[in-house]
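A.B. asks: Provided below for reference: sequence and predicted model.
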Amino acid sequence: MENKHQVPVTVLTGFLGAGKTTLLNRILTEQHGQKYAVIVNEFGEQGIDNDLVVDADEEVFEMNNGCICCTVRGDLIRILSGLMKRADKLDAIIVETTGLADPAPVAQTFFVDQDVANKTKLDAIVTVADAVHLSSQIEDHHEAEEQIAFGDVILLNKIDLVKDENIDVVTKRIRKINPFAKIIKTTKCGAPLKEILNLDAFSLKRILEVEPDFLESDHDHEHDDDVTSLSFVSDKPLDMEKFQNWFGKLLQTKGQDIMRTKGILDFKGENDRYVFQGVHMLMDASPMGKWPDDKERSSRLVFIGRNLETMNLKEGFEACKSE
Amino acid sequence: MTTDLNQFPQLDKTKFEQRGIQLEIGVPVTCAVSIGNYIAAGFGDGTIRIFSSGEKHKTLKAHKGVILCMAKDGDNILTGGDDGYFLKISLNGEINEVTNFGSRWVDHVAAHNGNLVCSSGKVVYYWDKNKKEPKSLNHDSTIGGLAFDAKGRRLAVSRYGGVTVWKKDYSNKWKSTKLDWKGSHNKVSFSPDGKYLVTSMQENVLRCWRLKDKLDFAMSGYGSKVKSFAFIHDTSYLATSGAIDAICWPFDGEGPMGRKPICLPYIGNKQVTFIEPFPDEKAIFAGLSDGSVFLSQIENENNTIIIRSFTGSEVSAIAMTDDKSSIFIGDMSGNTLWTSIWDQ
């Protein structure tokens, strides 16, 4: 499987009325010289008529791999393998999820099915948020919060309908849940497509490139079931064995509450930087070359999820520092 | 000089490739069936090519998109596509629409004795040969596969959570029995003797039910998803893809429980992706992920010959004519081989 070409797949999520259909119509109708297929839910907001639109059923099922939160989208496995048999090669595939659906099973499908993983790759999770209603939606529906938590890109849409100071409030609310997403403020989802598609946000290399000003170790402890984020930094190298034990166990036992993780790690005795990222229990990790000479070595990791304050993350992380 | 054993040796063309017709269509071959001494092959651009010995192959434009599935119905070809069409096509090239689901895909088709079935999403549609309108058989989840038993009395429908077996009772009403096993079931097949039902699952495993007492068991140990399997020589063996060997489970006597499969190895350490029986023999064609195809005798692993060498693309279809004279091979890049199997 050398030089395998993988079609990038963007997961598009967001609450009803936030503007997903507007964005999909733009993707399908704008003259961009690219061939995009769109997988929509049959119960979506309004019909989009196009040859490259595929109806899906959003069938989520559990894998029998002993991992309780490992749910995948069965319909996606079927549809993606069908799309890969097309004569014309697709430049990208966009999967729309309904407003109420948790985007995690879609992301997990790309980790779990070998055929899907060989021929396609998860590009990014794009969340369309309604600047007018997001704050109240977050209060009332945990799904709205989850969609923000999972997003690599958040299109904060309809800003023309909101006062500037309120935009700041909403932006801060988003940042509290998800410190690493790129927030693009739009009206009518009018962001350039190159800022939405083909971002490679799930590649480990990309994590290094957009090196995170978010990985600052500041957070406030709030004891409620809000989705929130915690990040940790250490200038002292970590002990690889201790880290693997702690982190492996953590994902195994708390993987349902931990929605996303990302990190760059400095292990004692290792010349390479280790980069990882995960969705719930599933994780992708790899050494990514030497530390640059002009940069201090340090370990940074971020968690996004629920009940993070109950997991003793700080203590666990501290205990991984090498003697 | 060192030799990398994982690199497939650069073979000269096989004698089958030399005497056969090789085409580079450039579009994935998605399916192929034999109809008498003809082979019909379906492609990712909606075309069908019909091969027969002594004639140039015929190309038909059948669907607007990918041909997802194919079956034979007497002398006709049945196809389902991602354009929503379920078509019946004669060997002369006459195309008839059975039905059209619009934007919904026709995922699976099957036929027995003039009765036609297809599935689209969660629904199976059954056309009795004497009736115009189909009967809908509903299921709770999307259908992974369809299969009639050898006599056409039972129709197995695989889905999430197991298999539904449909049968008409004496008053001609459809009755269903459920065989449950958690997980997503894809391809399904009855054994030719009607005693077993087998499915391949989303996980790297096969599930089997012995129908007389519904005893169920797993056949596992695969390195990847089992995409292709077939019963061989009536119900002597079940040959399967999904490993670097072709795995052949013994189904004679008391069945495979407690018995070891025969593992047929191939050079190159590539995954077996397609299995096609050699009719009436204890022998199989095995297609690999690198495009090579071998013919092996199950009970004599030394008796393996190479039919097609490396193309670099996964074998996605193999079909042999009913007179056992010729074979068609296709892969995911659209490389095809049509050749006689016997030396002149």
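C.D. replies: Looks like it arrived, so ask away.
A.B. asks: roughly how far apart are the residue most central in space within chain B and chain A?
C.D. replies: The centre of chain B sits closest to residue B:228, judged by C-alpha atoms, centre = their mean, with a distance of 6.2 Å. Per C-beta to the nearest C-beta, to the nearest Å, residue B:228 is found 13 Å from chain A. Using the backbone N, CA and C atoms, a C-beta is placed for each residue, glycine as well.
A.B. asks: For the residue nearest to that residue when sequence neighbours are not counted, the count of nearby residues, please.
C.D. replies: Using C-beta to C-beta, 6 or more residues apart in numbering or on different chains and skipping the chain neighbours, the partner closest in space to residue B:228 is residue B:241 (4.2 Å). Using other C-beta atoms under 10 Å in any protein chain shown, residue B:241 has 26 other residues around it.
A.B. asks: can you tell me which residues contact residue B:241?
C.D. replies: B:226-229, B:271-275, B:286 (C-beta atoms under 8 Å, 6 or more residues apart in numbering or on different chains).
A.B. asks: one more time with 7 Å
C.D. replies: Neighbouring residues of residue B:241 by C-beta atoms under 7 Å, 6 or more residues apart in numbering or on different chains: B:226-229, B:272-275.
A.B. asks: what's the answer for residue B:53, then?
C.D. replies: B:37, B:325-326, B:340 are the contacts of residue B:53 under C-beta under 7 Å, 6+ apart.
A.B. asks: Who wins on neighbours among those residues?
C.D. replies: For the contacts of residue B:53, neighbours tallied by other C-beta under 10 Å; top is residue B:326, 21 neighbours.
A.B. asks: Who is that residue paired with across the strands?
C.D. replies: residue B:340 (DSSP bridges).
A.B. asks: any idea how far it is from chain A?
C.D. replies: 25 Å.
A.B. asks: just to revisit the earlier point, sort out which of the contacts of residue B:241 are in strands and list them.
C.D. replies: Residues of those located in strands (DSSP state E): B:229, B:272-275.
A.B. asks: correct me, but residue A:132 touches residue A:157?
C.D. replies: No: assessed by C-beta atoms under 7 Å, residue A:132 is found out of contact with residue A:157, at 9.1 Å.
A.B. asks: Comparing these two, which residue is more hemmed in?
C.D. replies: More crowded of residue A:132 and residue A:157, by other C-beta under 10 Å: residue A:157, with 28 against 18.
A.B. asks: give me the number of residues near the residue lying closest to that one once chain neighbours are set aside?
C.D. replies: Spatial nearest neighbour of residue A:157, chain neighbours left out: residue A:19 (4.3 Å); criterion: C-beta to C-beta, 6+ apart. By other C-beta under 10 Å, 23 other residues sit near residue A:19.
A.B. asks: Hmm, residue A:128 and residue A:19 touching each other?
C.D. replies: Yes: the pair residue A:19 / residue A:128 is scored as a contact, 5.0 Å apart, by C-beta under 7 Å.
A.B. asks: Quick check: neighbours shared by those two?
C.D. replies: A:157, A:189.
A.B. asks: Tell me if stretch A:117-126 is near chain B.
C.D. replies: No: Stretch A:117-126 stays clear of chain B (C-beta under 7 Å from any C-beta of the partner chain), getting no nearer than 9.4 Å.
A.B. asks: Rounded mean pLDDT for that stretch, please.
C.D. replies: Mean per-residue pLDDT for stretch A:117-126: 91.
A.B. asks: again with stretch B:308-321
C.D. replies: 96.
A.B. asks: For it, report the contacting residues that lie outside it.
C.D. replies: B:8, B:11, B:13-14, B:16-17, B:28-34, B:37, B:39, B:41, B:273-274, B:276, B:278-279, B:285, B:287-293, B:327-333, B:335, B:337.
A.B. asks: Which ones among those residues lie within helices?
C.D. replies: B:16-17 (DSSP state H).
A.B. asks: Need the buried ones from the contacts of stretch B:308-321 selected in ChimeraX.
C.D. replies: Selecting just the buried residues from these in ChimeraX takes one command, with 16 or more other C-beta atoms under 10 Å in any protein chain shown as the test:
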select /B:8,14,16,17,28,29,30,31,32,33,34,39,41,273,274,276,278,285,287,288,289,290,291,292,293,327,328,329,330,331,332,333,335,337
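A.B. asks: Assumed residue A:250 was part of a helix.
C.D. replies: Yes: the assignment for residue A:250 (DSSP: H, G, I helix; E, B strand; the rest coil) places it in a helix.
A.B. asks: can you pull the contacts of it?
C.D. replies: Counted by C-beta under 7 Å, 6+ apart, residue A:250 has contacts A:311, A:316.
A.B. asks: ok, it to residue B:330 distance?
C.D. replies: 48 Å (C-beta to C-beta, to the nearest Å).
A.B. asks: from the stretch 101-250 of chain B, which residue is nearest to chain A?
C.D. replies: residue B:183 (4.7 Å; C-beta to the nearest C-beta).
A.B. asks: Let me know whether that residue touches residue B:205 as I believe.
C.D. replies: No: with contact defined as C-beta under 7 Å, residue B:183 and residue B:205 do not form a contacting pair (8.4 Å).
A.B. asks: Residue of chain B nearest chain A, please.
C.D. replies: residue B:45 (3.4 Å).
A.B. asks: which stretch of helix or strand covers that residue?
C.D. replies: According to DSSP states H and E, residue B:45 maps onto no helix or strand at all.
A.B. asks: Point out where the stretch 151-300 of chain A drops to low pLDDT.
C.D. replies: Scanning the stretch 151-300 of chain A for pLDDT under 70 picks out A:208-225.
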